[in-house]
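my questions are about this predicted structure, shown below with the sequence.
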Amino acid sequence: MGEPNPKVAYVVRRFPVRSQTFVVNEIKDHLRAGFEVDVLSIQGADTADFPASELGSEFEGRIVYLNVPTKAVRKLEQIASNLLARPRHIRSIIGAFRAIKGEPLRARLQAAAVAARMLEIAHEYEIFHCHFGDVGRLVAIALEAAASRAKLATTFHGYDVTKSQFQPLDRYYRSLIARCDVLLPVNDIWSEKLVGAGFRPSNVVVHHMGVDTAELDKAPVVQPKTQSGFRVALVGRMVEKKGHEFALAALSELRARGFEIVADFVGDGPLRDSVTRLVARYGLADCVQMSGACDHPATLEKMRQADAIILPSVTARNGDMEGIPVVLMEAMAIGRPVISTRHSGIPELIEHGVSGLLVDERDARQLAEAMARLIEDPDLRTRLALGGRSKVEEGFDLEEQGRALRSIYITLLDH
């Protein structure tokens, strides 16, 4: 007899999302292993960052858009429409609405709307795997409303543990605490926080995201320094936690010290205008390129063109934090030395001086000094690049992480 092949539903808020390539890669690895996986997107296809058809033929017929509206009035209309079509669901939907009593009306309507859309499909899958805790909470409520016996796994990444709107965790996640079968925090810090919030320690398993080290090219390990200056890339959405302002301050200091340096900021987001103003204020318009949002192949190519990758992550004012950024794993896998911060789970990936360089959060002077070290010491760049690639291959490889995750699925079904 072969191994069990459960039918798995990946649940996300919207799909596909450029900054969430880890979801796509995880699903592709499951499909290669012969698992049956569908994607349930809470929001409609019109909220995706790009057409799902660009993902390839593997996803054809595997994406279900629940089309839950974003506006409260439209949610109410959709709930009413569902009840008119299936009046037998009224008690289940009311139960979902009441599951988070005491919270704002919009949150309760969201829970009821998701439940209404999932009642018909809650029994079609053996395992629901949610990415991000707030999505997991919604699915936990929906499965309870449907009296589904499906298993529930939830991956916690960062904002879903730390943002102020989710505090205290034990109150916000009480529905998930009662229903979730396994929680998969991406680092040890989140594991401790979730156990402290009341999740059973036996249900919490640290599971790293992974990158496809076999697909990412491995030569050359480090490109020679370009004639037009030392080139760094910062890849990430333009949000506070990515630390763009500290990158610019560090670049300004390096310019003042006479270093010739070029930077490429890859990504877009709500702080783009603010970052653009800072570029002008520091007089860096001639050396900072704003590439905006790029697809994954283009992003990887920009990383390959860089001499080093920087990501000066910080804790945002609303509490938002990184988990372990996949972009750092990708940079290390393609042989680029990385500089980041002693922030969240990043030190679980980067060992200072061995697989990259780490500086303190919000310290532009330290960041500038770390970049200066790489500029002045080609041998250090090579050592860090080799150490970084080795670290990713040993602990953050997509195929290895996929096997571990599928083993977790099988264990869930055995209980």
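Looks like it came in fine.

point to the helix or strand of the chain where mean pLDDT is at its lowest.
Sorting the helices and strands of the chain by mean pLDDT, DSSP states H and E puts helix 72-85 at the bottom, at a mean of 91.

and that helix, how far from the chain's centre?
Centre-to-centre, helix 72-85 and its host chain are 31 Å apart (C-alpha atoms, centre = their mean, to the nearest Å).

now do the buried residues in it.
Residues of helix 72-85 classed as buried by neighbour count (16 or more other C-beta atoms under 10 Å): 72, 75, 78, 79, 82. Every C-beta, even on glycine, is put in place using the N, C-alpha and C of the backbone.

for the first one, list the residues it contacts.
Applying C-beta atoms under 8 Å, 6 or more residues apart in numbering, we find residue 72 in contact with 105, 106, 109.

ok, the second one next?
Contact criterion C-beta under 8 Å, 6+ apart gives 68, 69, 106, 109, 110, 112, 113 as the residues in contact with residue 75.

count of neighbours near the last one?
Pointing back at residue 113 there. By other C-beta atoms under 10 Å, 28 other residues sit near residue 113.

state the next helix or strand along the chain beyond the helix or strand hosting it.
Residue 113 belongs to helix 105-118 when assigned by DSSP states H and E. Sequence-wise, the next helix or strand downstream of helix 105-118 (DSSP H and E) is strand 127-131.

angle of that next one against helix 105-118?
Going by axes from the mean of the first three to the mean of the last three C-alpha atoms, to 10 degrees, strand 127-131 is angled at 150 degrees with respect to helix 105-118.

got the CA positions of strand 127-131 in PDB?
Extracted in PDB, the C-alpha atoms of strand 127-131 (Å, rounded to 0.1, in the frame of the first residue of the first chain):
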ATOM      1  CA  ILE A 127      -7.000  19.100   5.600                       C
ATOM      2  CA  PHE A 128      -7.200  22.900   5.400                       C
ATOM      3  CA  HIS A 129      -3.900  24.600   5.500                       C
ATOM      4  CA  CYS A 130      -4.100  28.400   6.200                       C
ATOM      5  CA  HIS A 131      -1.300  30.800   5.600                       C
END
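
direction included, what does that strand pair against?
Neighbouring strands of strand 127-131 in its sheet, by DSSP bridges, are strand 7-12 (parallel), strand 151-156 (parallel).

show me what the helix or strand following the first one is packed against.
Under the assignment DSSP H and E, the closest C-terminal helix or strand after strand 7-12 is helix 21-32. If you count contacts as 3 or more C-beta pairs under 8 Å, 6 or more residues apart in numbering; DSSP states H and E, helix 21-32 packs onto strand 7-12, strand 36-41, helix 398-413.

and stretch 337-347, what's buried?
So for stretch 337-347, counting by 16+ other C-beta under 10 Å, buried means 337, 338, 339, 340, 341, 343, 344, 345, 346, 347.

same thing with stretch 109-121?
109, 110, 111, 112, 113, 114, 115, 116, 117, 118, 119, 121.

include pLDDT and distance to residue 8 when you put those into JSON lines, please.
Below are the buried residues of stretch 109-121 laid out as JSON lines (pLDDT from 0 to 100; distance: C-beta to C-beta, whole Å):
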{"residue": "109", "pLDDT": "95", "distance to residue 8": "28"}
{"residue": "110", "pLDDT": "96", "distance to residue 8": "24"}
{"residue": "111", "pLDDT": "97", "distance to residue 8": "23"}
{"residue": "112", "pLDDT": "96", "distance to residue 8": "25"}
{"residue": "113", "pLDDT": "96", "distance to residue 8": "23"}
{"residue": "114", "pLDDT": "97", "distance to residue 8": "18"}
{"residue": "115", "pLDDT": "96", "distance to residue 8": "20"}
{"residue": "116", "pLDDT": "95", "distance to residue 8": "22"}
{"residue": "117", "pLDDT": "94", "distance to residue 8": "18"}
{"residue": "118", "pLDDT": "95", "distance to residue 8": "15"}
{"residue": "119", "pLDDT": "94", "distance to residue 8": "19"}
{"residue": "121", "pLDDT": "93", "distance to residue 8": "13"}
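
show me where the stretch 301-415 of the chain has its strands.
Under the criterion DSSP state E, counting those that start in this stretch, the stretch 301-415 of the chain contains strands at 308-311, 338-341, 357-359.

gap between the two ends of stretch 356-371?
The first residue of stretch 356-371 is 11 Å away from its last residue (C-alpha to C-alpha, to the nearest Å).

ok, residue 347 touching residue 357?
No. Judged on C-beta atoms under 8 Å, residue 347 makes no contact with residue 357 at a distance of 11.5 Å.

look up how far residue 40 lies from residue 121.
8 Å (C-beta to C-beta, to the nearest Å).

residue 329 too?
Distance, residue 329 to residue 40, by C-beta to C-beta: 26 Å.

look at the two and report which has more neighbours.
Legend: neighbour count by other C-beta under 10 Å for residue 329 and residue 40, higher for residue 329 (27 against 23).

and that one, how close does it get to residue 390?
In terms of C-beta to C-beta, residue 329 sits 12 Å off from residue 390.

for residue 80, same thing?
Distance of residue 80 to residue 390, given as C-beta to C-beta: 57 Å.

thinking again about what came up before, could you export the strands of the stretch 301-415 of the chain as CSV, including mean pLDDT?
As requested, these are exported to CSV (pLDDT from 0 to 100):
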stretch, mean pLDDT
strand 308-311, 98
strand 338-341, 98
strand 357-359, 98
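
now those in TSV, with distance to residue 261?
Shown next, in TSV, are the strands of the stretch 301-415 of the chain (distance: least, C-beta to C-beta, whole Å):
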stretch	distance to residue 261
strand 308-311	10
strand 338-341	13
strand 357-359	16
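
of all those, which one comes closest to residue 397?
Residue 397 sits nearest to strand 338-341 of all the strands of the stretch 301-415 of the chain, at 17.0 Å, using C-beta to C-beta.
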